[in-house]
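Asker: Build me a model:
(chains A, B, C and D)
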There are 2 protein chains.
Amino acid sequence: MRAIAKELNIKAASLYWHFSGKLDLYGAIAEYLCSRYEMPEESDDPKDYLIASYRAYRTMLLSTRDSVPVLENSIPYTPRRMEIIRAISKALLKMGVKEQTLTTIANLLNNYVLSFVADECRFKNTPPDKLHEIDKMLCPQDKLFLSIPSDFDEQFIYGLQVLFAGLEALKNRE
Amino acid sequence: MRAIAKELNIKAASLYWHFSGKLDLYGAIAEYLCSRYEMPEESDDPKDYLIASYRAYRTMLLSTRDSVPVLENSIPYTPRRMEIIRAISKALLKMGVKEQTLTTIANLLNNYVLSFVADECRFKNTPPDKLHEIDKMLCPQDKLFLSIPSDFDEQFIYGLQVLFAGLEALKNRE
DNA sequence: ACCTGAACACCGTTCAAGT
DNA sequence: ACCTGAACACCGTTCAAGT
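Answerer: Predicted coordinates for the structure are as follows:
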């Protein structure tokens, strides 16, 4: 609060006239971030639409420091965020996701992106000498299990493909 | 730190003789929690083994308050946690997961469980009157998109099934 | 309507000093 | 070897008082 206030050339106490508290401010920041992120154009294939959406979501998250905790700790019932939730939900239903599992699946996908970006940022913010130190510590066998992704874009898309392949497989199973 | 010290009838400053800092303490707690969680017995079917593992993981997480942030913010290079990572990784390889995507997939699954339990705890800790207030605020259409899971166990398993169906589908695709 | 200074109750952490 | 008191530099938040 003090840091944000400083940036605005006011005092932290003044922020409490505009926002009820830190989480309320988070909510406003999250809404702003979501208003800047471009939804892809409607597509006949809901899967293509969703994959494009989640790619844009990740790009938005990567564009702003600490966006993940802000999104994670804010309440999503703001206009722009609800718009996104509706668009995603409709596409999921169109893909064959059942109503009873809609929230679970939407949360799963949302959490995938947030967790992926959180891990990505954590890695990118780890100093190289620290990484080297860890590398020295691990035995050869374990290095395979804890290797660092070389291409985050590629790995992100691969994870998405796994998730959508799962949704399609369960749809066809009945 | 002060709260933990109080529980031990010492002062917070004393903890710094035993641990280098808060995250170091988190690491020790995480290792302890993981040592209490029983790995399922080896199975011929790696998928059964993995599903049993992640169910036990969730049970462990639910058994202790704030376990999710402790696991999320600690470094996993401790003996018991490495044991678990090795067992999970081996089962994933046996399932047909490729070496290049192993870390991505293992992280995806780990993040799924952590995020699911985090959401579950958030909901369970939301007072009923607050939930009712939100319910009143939403329009009927949106309620479908933001419904609360009635059975967390069932939804957790469903999410796992989606993930494993995706892994199997991508394996068969080549 | 909007901002401030001063305070409150909290953090994690350090360190000289104790035993 | 293990613990402590006192301090440091931080938090988010409140509120009477200013303009």
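Asker: Can you report how many residues lie near the residue lying closest to residue A:95 once chain neighbours are set aside?
Answerer: Spatial nearest neighbour of residue A:95, chain neighbours left out: residue A:46 (4.6 Å); criterion: C-beta to C-beta, 6 or more residues apart in numbering or on different chains. C-beta here means a position set from N, CA and C on the backbone, and glycine is covered the same way. Residues near residue A:46, counting by other C-beta atoms under 10 Å in any protein chain shown, number 19.
Asker: pretty sure residue A:46 contacts residue A:88?
Answerer: No - the criterion here is C-beta atoms under 8 Å, and residue A:46 misses it with residue A:88 at 9.7 Å.
Asker: OK, contacts around residue A:59?
Answerer: Residues in contact with residue A:59 (C-beta atoms under 8 Å, 6 or more residues apart in numbering or on different chains) are residue A:37.
Asker: which element is it on?
Answerer: Using DSSP states H and E, residue A:59 sits within helix A:46-62.
Asker: now residue A:167
Answerer: helix A:152-172.
Asker: what's next to that helix, contact-wise?
Answerer: With C-beta under 8 Å, 6+ apart, helix A:152-172 has contacts from A:47, A:50-51, A:54-55, A:58, A:92, A:95-97, A:105, A:108-109, A:112, A:116, A:120, A:149, B:101, B:104-105, B:108, B:161-170, B:173.
Asker: which of the residues you listed are buried?
Answerer: Buried members of these, scored by 16 or more other C-beta atoms under 10 Å in any protein chain shown, are A:47, A:50-51, A:54-55, A:58, A:92, A:95, A:97, A:105, A:108-109, A:112, A:116, A:120, A:149, B:101, B:104-105, B:108, B:161-170.
Asker: which ones among those come in contact with DNA strand D?
Answerer: Here nothing survives when the buried ones among the contacts of helix A:152-172 are matched to DNA strand D using C-beta under 7 Å from any atom of the strand.
Asker: average pLDDT for the helix holding residue A:167?
Answerer: Average pLDDT, helix A:152-172: 96.
Asker: Can you report how many residues neighbour residue A:69?
Answerer: 11.
Asker: so what's it scoring on pLDDT?
Answerer: 98.
Asker: what helices or strands is whichever strand or helix holds it leaning on?
Answerer: Per DSSP H and E: residue A:69 is located in helix A:67-72. Using 3 or more C-beta pairs under 8 Å, 6 or more residues apart in numbering or on different chains; DSSP states H and E, the elements in contact with helix A:67-72 are helix A:22-36, helix A:46-62, helix A:102-124.
Asker: can you state the direction angle for the second one and helix A:22-36?
Answerer: For helix A:46-62 against helix A:22-36, the angle between stretch directions is 130 degrees (axes from the mean of the first three to the mean of the last three C-alpha atoms, to 10 degrees).
Asker: Would you mind writing the CA trace of helix A:46-62 as CSV?
Answerer: Once non-C-alpha atoms are left out, helix A:46-62 reads as follows in CSV (Å, rounded to 0.1, in the frame of the first residue of the first chain):
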residue,chain,number,x,y,z
PRO,A,46,-14.4,-24.0,-29.4
LYS,A,47,-11.2,-25.8,-28.8
ASP,A,48,-9.2,-23.4,-31.0
TYR,A,49,-11.0,-20.5,-29.4
LEU,A,50,-10.1,-21.7,-25.9
ILE,A,51,-6.5,-22.4,-26.7
ALA,A,52,-6.2,-18.9,-28.2
SER,A,53,-7.8,-17.5,-25.0
TYR,A,54,-5.5,-19.2,-22.6
ARG,A,55,-2.4,-18.2,-24.6
ALA,A,56,-3.6,-14.6,-24.5
TYR,A,57,-4.2,-15.0,-20.8
ARG,A,58,-0.7,-16.2,-20.2
THR,A,59,0.7,-13.3,-22.3
MET,A,60,-1.3,-10.9,-20.2
LEU,A,61,0.0,-12.4,-16.9
LEU,A,62,3.6,-12.3,-18.1
